[in-house]
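Asker: Sharing a model that was predicted from the sequence below.
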2 protein chains.
Amino acid sequence: MHQAIAILDSGVGGLTVAKEVMRQLPQEEIVYFGDTGRAPYGPRAPDEVLKFTEQIVEYLLQFQPKMIVIACNTATAIALKHVRSQVNIPVVGVIQPGSRAAIKATKTGMIGVIGTENTVTSGAYPRALQELNPDTSVVSLACPALVPLVEKRLYRSDMARTVVSQSLQPLLNSPIDCLILGCTHYPFLAQMIAETVGPRVSIISSADETAREISTLLHHRGQLETSGKVPVHRFFCSGDPETFQAIALEWLGEQIKVSPVFWQMTRLSR
Amino acid sequence: MHQAIAILDSGVGGLTVAKEVMRQLPQEEIVYFGDTGRAPYGPRAPDEVLKFTEQIVEYLLQFQPKMIVIACNTATAIALKHVRSQVNIPVVGVIQPGSRAAIKATKTGMIGVIGTENTVTSGAYPRALQELNPDTSVVSLACPALVPLVEKRLYRSDMARTVVSQSLQPLLNSPIDCLILGCTHYPFLAQMIAETVGPRVSIISSADETAREISTLLHHRGQLETSGKVPVHRFFCSGDPETFQAIALEWLGEQIKVSPVFWQMTRLSR
């Protein structure tokens, strides 16, 4: 049976994961939910993020996906374990794949992570990294100003360059040799981030790495799509569909149809 | 329960996988079998490779490992499917991880693969790559002269440089943008290979990528070792233990004890 991969995010950040899934696994079908009406999740109370994630997972299950991808670091940090206990299909988060890639890439064992306040406060990255290798040193930095730049489609602006540069100042004298983009919105700003930290620091996108882990898991479950058919992706968002569509067009390079989920918004905002 | 990862190869090539497992997952215990007495597998009859692989798997099962890694591209191409059907623990080969990494790395969709005669003849890499993305172009080249250089511990010699350079000539005008080292012996020669193909071609080691997939799978099975204990690795080989030990010392950077498996040799050579 042809089954989609369900991807969810607080907003447009998960499109960085979707894009890599489309590139690395062009036969896979995607059903995407971006909670743009309630983004950003970074500064929200963890209980709220947990509840929102649960609701979106429930919404996505109607499409009978073969896998759920929590393409949001904040929601992964807070809700991954819970969602795994609730559903009987594999649930992939974005923190472990980025951590594994950093462990593979680092030569010095000194790894930087940038993310939202919630992701940094949760300690999820240091925990994941040190679980793999207890000798890893981790420098974490919350960059709360970055997600709004992306959600407001300002990621190519001069203001974005200034905000990125200011946000990353505390890392500039740090001896890290790689930096995890611990938020799926950050690949939109990857070039500015790379220019700020300089060429000695490799940039690891948790989005790209997650696409690869999806590939690994589907292969080992015998669930890779190999029909050769052109997949039909579906996108839903809880906020303004026009902004979502404009960002999706710029990022994915193709026109997509976005269905707004108003009923869902009503129910969710009770 | 503390359980080891079992790694097997035709000889010392699998040490490139073992080294990366030790680096990326320093808490995991390894039990390694190198069939140095019967290497190389590349030019052998496929039936023979299948039989040898089966025998080694049977030998390794006595250690009750949690996973079997066929750290040999030739044996993966020929025996992976069969071994998977025979045991009830996960069996990881080296062809899929390298393919997935190449699909992630390529910008042009043109991928080169070098391997043994058997690996190239099997078509396992083009199959794995095109299953992931049917639009991928694959250029395969058998390099039968390389494995013996490594098994004879000549991988740092001037002769090795000449042999590598000659072996890769057919690839030099090819429009590939990445090259899969489709044999776990080749990382010993990685620098010479990289110098020969030039900086525009990224080198992908199926060994490094396999270690990462082991990490992914163990995580999703809840089997990552996190006890913090220093693992005790065990190494066995069917040929001269001194050569094996000398190569292991050079490659792993540590003195290891290698137990020769004479009884096994006797039985296997019947």
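Answerer: Now that the structure is in, tell me what you want to look at. Numbers count the residues shown, from 1 in each chain, chains lettered A, B, ... in the order given.
Asker: Next, the distance between the ends of stretch A:232-252.
Answerer: Between the start and the finish of stretch A:232-252 there is a gap of 14 Å, counting by CA to CA, to the nearest Å.
Asker: separation between residue A:140 and residue A:129?
Answerer: 10 Å (CB to CB, to the nearest Å). To be clear about C-beta, it is placed using only N, CA and C from the backbone, and glycine gets the same treatment.
Asker: typo on my end, it should be residue A:238
Answerer: 32 Å.
Asker: between residue A:140 and residue A:129, which one's more packed in?
Answerer: residue A:129 (25 against 20; other CB atoms under 10 Å in any protein chain shown).
Asker: Wait, that one touches residue A:139, no?
Answerer: No: using CB atoms under 8 Å, residue A:129 makes no contact with residue A:139, being 10.9 Å away.
Asker: Mutual contacts of those two, please.
Answerer: Shared contacts of residue A:129 and residue A:139 (CB atoms under 8 Å, 6 or more residues apart in numbering or on different chains): residue A:111.
Asker: the strands in the stretch 51-200 of chain A, which residues?
Answerer: Per DSSP state E, counting those that start in this stretch, the stretch 51-200 of chain A carries strands over the ranges A:67-70, A:91-92, A:110-115, A:137-142, A:178-181.
Asker: List just the one of those strands that sits closest to chain B.
Answerer: strand A:91-92 (8.3 Å; CB to the nearest CB).
Asker: What strands line up against the closest one, and which way round?
Answerer: Here strand A:91-92 is paired, per DSSP bridges, with strand A:67-70 (parallel).
Asker: what is the rounded mean pLDDT of the partner strand?
Answerer: Mean per-residue pLDDT for strand A:67-70: 98.
Asker: So what touches that strand?
Answerer: By CB under 8 Å, 6+ apart, strand A:67-70 touches A:5-8, A:14, A:17, A:53, A:57, A:60, A:76, A:79-80, A:83, A:87, A:89-94, A:210, A:214, A:217-218, A:223.
Asker: just the buried members of those?
Answerer: Buried by 16 or more other CB atoms under 10 Å in any protein chain shown: A:5-8, A:14, A:17, A:53, A:57, A:60, A:76, A:79-80, A:83, A:87, A:90-94, A:210, A:214, A:217-218, A:223, out of the contacts of strand A:67-70.
Asker: Return, as residue ranges, the portions of the stretch 1-150 of chain A with sub-threshold pLDDT.
Answerer: A:1 (pLDDT under 70).
Asker: and it, which of its residues are near chain B?
Answerer: A:20, A:24-27, A:90, A:96-97, A:100-101, A:103-104, A:131-135 (CB under 8 Å from any CB of the partner chain).
Asker: hmm, try it at 7 Å
Answerer: A:24, A:25, A:26, A:90, A:96, A:100, A:103, A:104, A:131, A:132, A:133, A:134 (CB under 7 Å from any CB of the partner chain).
Asker: Quick check: the two most widely separated of the residues you listed?
Answerer: Greatest spatial distance in the residues of the stretch 1-150 of chain A next to chain B: A:26 and A:134, 38.6 Å, computed using CB to CB.
Asker: more crowded one of these two?
Answerer: Ranked by neighbour count (other CB under 10 Å), residue A:26 and residue A:134 place residue A:26 first, with 16 against 11.
Asker: which stretches of the stretch 151-270 of chain A have low pLDDT?
Answerer: A:263-270.
Asker: would you list every one of the helices in it?
Answerer: A:158-168, A:190-197, A:206-220, A:241-252, A:262-268 (DSSP state H, counting those that start in this stretch).
Asker: Which among the ones you listed is found nearest to residue B:182?
Answerer: helix A:206-220 (17.3 Å).
Asker: other SSEs contacting the closest one?
Answerer: Judged by 3 or more CB pairs under 7 Å, 6 or more residues apart in numbering or on different chains; DSSP states H and E, helix A:206-220 is in contact with helix A:15-24, strand A:67-70, strand A:91-92, helix A:95-105, helix B:95-105, helix B:206-220.
Asker: can you pull the buried residues of that helix?
Answerer: A:206-220.
Asker: That one versus helix B:206-220: what angle between them?
Answerer: 80 degrees (axes from the mean of the first three to the mean of the last three CA atoms, to 10 degrees).
Asker: Helix A:190-197 and helix A:206-220, what's the angle between them?
Answerer: Going by the same axes, to 10 degrees, helix A:206-220 makes 120 degrees with helix A:190-197.
Asker: Name the residues that touch helix A:206-220?
Answerer: Contacting residues not belonging to helix A:206-220 are listed as A:5, A:16-17, A:20-21, A:24-25, A:67, A:69, A:71, A:73, A:90, A:92, A:94-95, A:97-98, A:100-101, A:180-182, A:184, A:187, A:224, B:90, B:96, B:100, B:104, B:132, B:213, B:216-217, B:220 [CB atoms under 7 Å, 6 or more residues apart in numbering or on different chains].
Asker: chain center to that helix, what's the gap?
Answerer: Distance of helix A:206-220 from the chain centroid (CA atoms, centre = their mean, to the nearest Å) equals 13 Å.
Asker: Domain map for chain A?
Answerer: The record assigns chain A these domain ranges, following automatic domain parsing: A:5-93+A:209-268, A:95-206.
Asker: Of all the ones you listed, which one is nearest residue B:162?
Answerer: So among the domains of chain A, domain A:95-206 is nearest, using CB to CB, at 30.2 Å.
Asker: Buried residues in stretch A:129-142, which are they?
Answerer: Buried residues in stretch A:129-142, counted by 16+ other CB under 10 Å: A:129, A:130, A:131, A:132, A:133, A:136, A:137, A:138, A:139, A:140, A:141, A:142.
Asker: Tell me who's in contact with the second one.
Answerer: Put plainly, it is residue A:130. Contacts of residue A:130 by CB under 7 Å, 6+ apart are residue A:136.
Asker: How about the first one?
Answerer: The neighbourhood of residue A:129, defined by CB under 7 Å, 6+ apart, consists of A:99, A:102, A:103, A:111, A:136, A:138.
Asker: What is the nearest of these to residue B:115?
Answerer: residue A:103 (27.0 Å).
Asker: residues in the stretch 151-270 of chain A within reach of chain B, list them.
Answerer: A:208, A:212, A:213, A:215, A:216, A:217, A:219, A:220, A:224, A:226, A:228.
Asker: I'd like to know which of the residues you listed is nearest to residue A:192.
Answerer: For these, the nearest to residue A:192 is residue A:208 (17.2 Å; CB to CB).
Asker: What's the separation between that closest one and residue B:170?
Answerer: Distance of residue A:208 to residue B:170, given as CB to CB: 32 Å.
Asker: Same question for residue A:78.
Answerer: For residue A:78 relative to residue B:170 (CB to CB), the value is 53 Å.
Asker: okay, the two: which has more neighbours?
Answerer: Set side by side, residue A:78 and residue B:170 show more neighbours around residue A:78, with 27 against 14, by other CB under 10 Å.
Asker: isn't the more buried one right up against residue A:49?
Answerer: Yes: the criterion here is CB atoms under 7 Å, and residue A:78 meets it with residue A:49 at 4.7 Å.
Asker: list residues touching both of those two?
Answerer: Contacts common to residue A:78 and residue A:49, judged by CB under 7 Å, 6+ apart, are residue A:118.
Asker: List the contacts of residue A:248.
Answerer: With CB under 7 Å, 6+ apart, residue A:248 has these contacts: A:15, A:235, A:256, A:258.
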